[in-house]
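A.B. asks: When you get a sec, could you give me coordinates for this:
(2 chains)
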2 protein chains.
Amino acid sequence: MPALSFELQHTDAASKARAGKITTDHGEILTPIFMPVGTVGTVKAVTQQQLHDVVQAQIILGNTYHLYLRPGLEVLEAAGGLHQFNGWHKPILTDSGGYQVFSLAAQRKIKEEGVTFRSHIDGSKLLFTPERVMDIQRSIGADIIMAFDECPPYPSEYKYAMDSMHLTHRWLDRCIGRLADTQPKYGYDQNLFPIVQGGTYKDLRKASAEFISSKNAVGNAIGGLSVGEPPEMMYEYCAWSCEHLPWQKPRYLMGVGTPWDLLECISHGVDMFDCVMPTRNGRNAMLFTSKGVINIDNKKWEKDFSVLDEVLDNGVSNYYTKAYVRHLFKAGEILGLQLASMQNLSFYLWLIGQAREHIIAGDFDSWRRAMIPVLKTRL
Amino acid sequence: MPALSFELQHTDAASKARAGKITTDHGEILTPIFMPVGTVGTVKAVTQQQLHDVVQAQIILGNTYHLYLRPGLEVLEAAGGLHQFNGWHKPILTDSGGYQVFSLAAQRKIKEEGVTFRSHIDGSKLLFTPERVMDIQRSIGADIIMAFDECPPYPSEYKYAMDSMHLTHRWLDRCIGRLADTQPKYGYDQNLFPIVQGGTYKDLRKASAEFISSKNAVGNAIGGLSVGEPPEMMYEYCAWSCEHLPWQKPRYLMGVGTPWDLLECISHGVDMFDCVMPTRNGRNAMLFTSKGVINIDNKKWEKDFSVLDEVLDNGVSNYYTKAYVRHLFKAGEILGLQLASMQNLSFYLWLIGQAREHIIAGDFDSWRRAMIPVLKTRL
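C.D. replies: Residues are numbered from 1 along each chain as shown, chains lettered A, B, ... in the order given. Got it, this is the predicted structure:
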């Protein structure tokens, strides 16, 4: 019996949306779920206590590439893994580093063996292979670990997308083999999610989803989307990928997205999301709220003493005013970054919790249609 | 009866240390007390909830000069004062802006009327007079407001220090006059603390303390120290100033200092302190702990998985490890600034709380002597 189990609790009649429960050795996750991104072992500008009490995160993400470079495996192993190192004792998922190698590292070279690249921090030459990346994720110790994949850019030629997909598939077999030959390091189980690739070609996506599915992993991911293609195309390929992945396993759409992206993709059958948008945009003065999007830098908020978002009962969103947070941003104060990050993450978790409730109540699809224009409103 | 009252609860037999209680319209303050500095309405990198629950601050400070420039009086008045604006509903003290005008502003010119200067933000030409500064502090709405003074540099010639002191005294009378002619704006009382000046000349300090005392204010402050003179000289002039200020009123030593400065000056009869050191040094990787001083940037903490300070039972100091906080600083993560700020402020509040307990227990002086070398230890 796998350490990670998924119970499908409700399915929506009018869409492909589902509500479920993932159980890991670090606790349960109610789905659909959004995972705050904690790149180097910290969700930027938010303490672990705030992540728990204010944001009400159930699982966070760590980036293998970043953690490998800093603090490095020696420190993480000495600590007893990432949970012990950063004090977040609920579930953690780590990506495979593939995406970061392609987006951040210099002089990358893709070969059958793996990828050579230079660290964006000190320029040192490094090699990531599927085996090495599994070993690294063993040392980090996340509950859910991702297969090492190549994420082709958008647009990609058919042949490039196909060759890349086949490479990702061969790498997947090597990841599975390495995990079978090694043990978790810290006394709890780790669970591999393979990743569907295939660019924006339906036959490749289908072939990839079918290959992935044949591995019978406890959960599956959809990669290579939200990399520059138009939103409608992203939704289409998300839906198409979901359709060819097993119904009874959790589906994780990587790196997505806006609040309305979440609702669209939930309707296509996605259970898990991650994205830097709530924290990154928050640090750039863009607030997501239950009434729409706010640029808190704007003069119009100067004397608006209403709270950030009265719907979010978390002691931050329903406490601090728009005028105060605007002031913090104008004055360049760190507290502005903290409050904006908590607002946006809380909002994402609230929104996805609402989606779950509406799936269970049976009115998800009409709620989604009514909600999306509200979420997109520029306040 | 004044809105602010001070009850002297205990006096130390072996030193001039005292334990007391200040009561304001926004609540009580147990003395001796340290006031975290919230320059523009935020204690940098700490939320108001953390200030309350983790740091356990009883009163915070705001800077009149900064708040006047940003967000400005129009916004503060529209909010209903600083407490309403920033959501800190315990006592607030504002300085008079004098020190900032001298240290931050450009092209300052001191005249009998007041000080002209240029904003360090937009270069606009401004005039602070004693009357104007009282009006500004009425608009900010702090519980304790400071007289407008000139803070002479160290060293200053005798004549400069004397003329400056007399100017500060004339300005004090104008501050008192203006407050008598105006009313608090938000339904609670505001209390003026005059400031002793006189540089490092004993006769001037005595004359200033006596002039200040004659005004019969509810509390008094000692300014113009910790501006570059050696610590021993600061202690000497602090003691001397205290000696000539009324015993039954709280004494506030402005802008001081290190943890050991606090203990020394408490022994001379100081009740209130403020300083940017815990937050500023924290943001520069310097941690004050109950075992001594830590440069958390150092390699030696890389694999030290002991908590920051197990003595501080606040959920931060006794939760996050030195290795983790070092990692956050090395990676340039905002969370490092947050945790270091909370550690240092918590420690200052813990230390001053310990001082109070030892004053009440009757062993303050021996405790202080034993504690100072520990606090100064470089770990």
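
A.B. asks: Identify each buried residue in the helix or strand bottoming out on mean pLDDT in chain A, please.
C.D. replies: The least trusted helix or strand in chain A, going by mean pLDDT, DSSP states H and E, turns out to be helix A:98-103, with a mean of 83. Neighbour-count burial for helix A:98-103, with 16 or more other C-beta atoms under 10 Å in any protein chain shown as criterion, is recorded at A:98-102. Every residue, glycine included, has its C-beta placed from N, CA and C.

A.B. asks: Can you narrow those down to the ones near chain B?
C.D. replies: Counting by C-beta under 8 Å from any C-beta of the partner chain, nothing from the buried residues of helix A:98-103 sits close to chain B.

A.B. asks: can I get those residues in TSV with distance to A:Lys249?
C.D. replies: Putting the buried residues of helix A:98-103 into TSV (distance: C-beta to C-beta, whole Å) gives the following:
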residue	distance to A:Lys249
A:Gly98	21
A:Tyr99	22
A:Gln100	26
A:Val101	27
A:Phe102	26
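
A.B. asks: Output the below-cut-off pLDDT ranges for chain A.
C.D. replies: A:1-2 (pLDDT under 70).

A.B. asks: Helices along that one, start to end?
C.D. replies: A:48-50, A:64-69, A:73-79, A:82-86, A:98-103, A:130-140, A:158-181, A:202-214, A:231-243, A:259-267, A:277-283, A:322-330, A:334-361, A:364-376 (DSSP state H).

A.B. asks: how far out from the middle of the chain is stretch A:203-220?
C.D. replies: Distance of stretch A:203-220 from its chain centroid, counting by C-alpha atoms, centre = their mean, to the nearest Å, is 19 Å.

A.B. asks: ugh, wrong one, I meant stretch A:127-136
C.D. replies: 21 Å.

A.B. asks: Identify the residues contacting the residue nearest the centre of chain A.
C.D. replies: Closest residue to the average C-alpha location of chain A: A:Asp274 at 1.8 Å, with C-alpha atoms, centre = their mean. With contacts defined as C-beta atoms under 8 Å, 6 or more residues apart in numbering or on different chains, the neighbours of A:Asp274 are A:34-37, A:61, A:93, A:252, A:254-255.

A.B. asks: ok so, going back, nearest to B:Pro278 among the helices of chain A would be which one?
C.D. replies: Taking C-beta to C-beta, helix A:334-361 is the member of the helices of chain A nearest to B:Pro278, at 14.8 Å.

A.B. asks: Please state the offset of the closest one from the chain centre?
C.D. replies: Chain-centre distance of helix A:334-361: 14 Å, with C-alpha atoms, centre = their mean.

A.B. asks: re the thing from before, report the buried members of the contacts of A:Asp274.
C.D. replies: A:34-37, A:61, A:93, A:252, A:254-255.

A.B. asks: Leaving out chain neighbours, which residue sits closest to the residue lying farthest from the centre of chain A?
C.D. replies: Distance from the C-alpha centroid of chain A peaks at A:Lys303, with 35.7 Å (C-alpha atoms, centre = their mean). Among residues not flanking A:Lys303 along the chain, B:Ala78 sits closest, at 4.7 Å (C-beta to C-beta, 6 or more residues apart in numbering or on different chains).

A.B. asks: what's the answer for A:Gly255, then?
C.D. replies: A:Ser226 (5.2 Å).

A.B. asks: close enough to count as contact, the one you found and A:Met234?
C.D. replies: Yes: A:Ser226 is in contact with A:Met234 according to C-beta atoms under 8 Å; the separation is 5.5 Å.

A.B. asks: who touches both of these two?
C.D. replies: By C-beta under 8 Å, 6+ apart, the residues touching both A:Ser226 and A:Met234 are A:256-257, A:261.

A.B. asks: What residue spans form the domains of chain A?
C.D. replies: As recorded under automatic domain parsing, the domains making up chain A are A:5-274, A:282-375.

A.B. asks: List, one by one, the residues from chain A near chain B.
C.D. replies: Counting by C-beta under 8 Å from any C-beta, the residues of chain A near chain B are A:40-42, A:44-49, A:66, A:70-71, A:74-75, A:78-79, A:84-87, A:302-303, A:305, A:315-316, A:319-321, A:323-324, A:327-328, A:330-331, A:333-335, A:337-339.
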